[in-house]
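Peer 1: next comes the sequence, and after it the predicted model I'd like to discuss.
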Amino acid sequence: MLGKVLFWVLLGLLIFIFWQKKRVAQVKREESERKVPESKKMVQCPVCGVHFVEVDGVWVNGTMYCSHECAEKAKGSTE
């Protein structure tokens, strides 16, 4: 009788431990997925050669530059 009770208690404990580990692993996975930043397209400036994130660029006459200074340099070199 005592052996059966002990068996069921141990079985329940093992199931609980397995369930907890699985739940903790899932929470860690979800946290790591949230922390990964979105990748952004990198572009090279035609004037200075610096690579920068596309959303930070400056568009002038259909060309993207890293800054207003490089856009002005390009404008000055074509005149």
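Peer 2: Cool, the structure landed. Just so you know, these numbers come straight off a predicted model, no measurement behind them.
Peer 1: which residues of this structure fall in strands?
Peer 2: Secondary structure of the chain (DSSP state E): strands located at 42-44, 51-53, 58-60, 63-65.
Peer 1: show me how the record splits this structure into domains.
Peer 2: Each structural domain of the chain that the record assigns through automatic domain parsing is listed here as a residue range: 1-36, 42-78.
Peer 1: which ones are touching the residue nearest to Lys40 when sequence neighbours are not counted?
Peer 2: If you skip the residues right next to it in sequence, Lys40 has Val53 as its closest partner in space, 4.7 Å away by C-beta to C-beta, 6 or more residues apart in numbering. Quick note: C-beta positions are derived from backbone N, CA and C, even for glycine. Under the criterion of C-beta atoms under 8 Å, 6 or more residues apart in numbering, the contact partners of Val53 comprise Lys40, Lys41, Met42, Val43.
Peer 1: the second one: neighbour count?
Peer 2: So that's Lys41. Here the neighbour count serves as a burial measure; for Lys41 (other C-beta atoms under 10 Å) it reads 8.
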